[in-house]
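**Q** quick one, what's the 3D model for this:
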Amino acid sequence: MSILQTVYDTLSGDAGVTAIVGSKIYPVLAPEDTDSPFVTYIKTSATPENILKGSATISQASVLISCYHTSVLSVNSLAQDVITAFDGIGYVEFERDTYESSTKLYSTKISISIHYGA
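**A** Okay, here's the model as predicted:
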């Protein structure tokens, strides 16, 4: 299974996330007319584990998950649900809150590191 499929399955299978965004979980970019709240995700890096012989069966990937909502408190609540969804699967590398004036939405960017079978 690809890392992007793993991320989608994790987000769409989490009751806390889907209670807020429903099915609005998109790879890379959300469609232009998407109403908030919603989540996007993209793989930012992937590195196979080093082994001495043969092919690596495990890789480490960093995934950037972006949460969007109309208020800072709401986007932070959504971000916490996203982080909880990845508990036991990966760990948070960083979080960053922003306001995007072009969309008039608050966003929280979360970088998560995940080990997965290649």
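
**Q** stretch 4-21: end-to-end distance?
**A** Using Cα to Cα, to the nearest Å, the end-to-end distance of stretch 4-21 comes out at 18 Å.

**Q** same thing with stretch 98-109?
**A** Stretch 98-109 has an end-to-end distance of 8 Å (criterion: Cα to Cα).

**Q** quick one: which helix or strand includes the residue nearest to the spatial centre of the chain?
**A** By Cα atoms, centre = their mean, the mean C-alpha position of the chain lies nearest to I65, the distance being 2.8 Å. Per DSSP states H and E, I65 falls inside strand 58-69.

**Q** pLDDT of stretch 25-36, averaged?
**A** The pLDDT scores in stretch 25-36 average 96.

**Q** export it to CSV, keeping only CA atoms.
**A** This file holds the C-alpha atoms of stretch 25-36, laid out as CSV (Å, rounded to 0.1, in the frame of the first residue of the first chain):
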residue,chain,number,x,y,z
ILE,A,25,-10.0,14.9,2.4
TYR,A,26,-7.9,15.6,-0.7
PRO,A,27,-4.4,14.7,-2.0
VAL,A,28,-2.3,17.8,-2.7
LEU,A,29,-5.0,20.4,-3.4
ALA,A,30,-8.7,20.8,-2.6
PRO,A,31,-11.0,21.7,-5.6
GLU,A,32,-11.3,25.4,-5.9
ASP,A,33,-14.9,25.6,-4.8
THR,A,34,-14.5,23.5,-1.7
ASP,A,35,-16.3,24.9,1.4
SER,A,36,-14.4,24.7,4.7
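
**Q** contacts only, for the residue sitting furthest away from the middle of the chain.
**A** Distance from the C-alpha centroid of the chain, by Cα atoms, centre = their mean, peaks at K53 (32.7 Å). Applying Cβ atoms under 8 Å, 6 or more residues apart in numbering to K53 gives no contacts. Where C-beta positions appear, they are placed from N, C-alpha and C, glycine not excepted.

**Q** that one in helix, strand or coil?
**A** Taken by DSSP: H, G, I helix; E, B strand; the rest coil, the conformation at K53 corresponds to coil.
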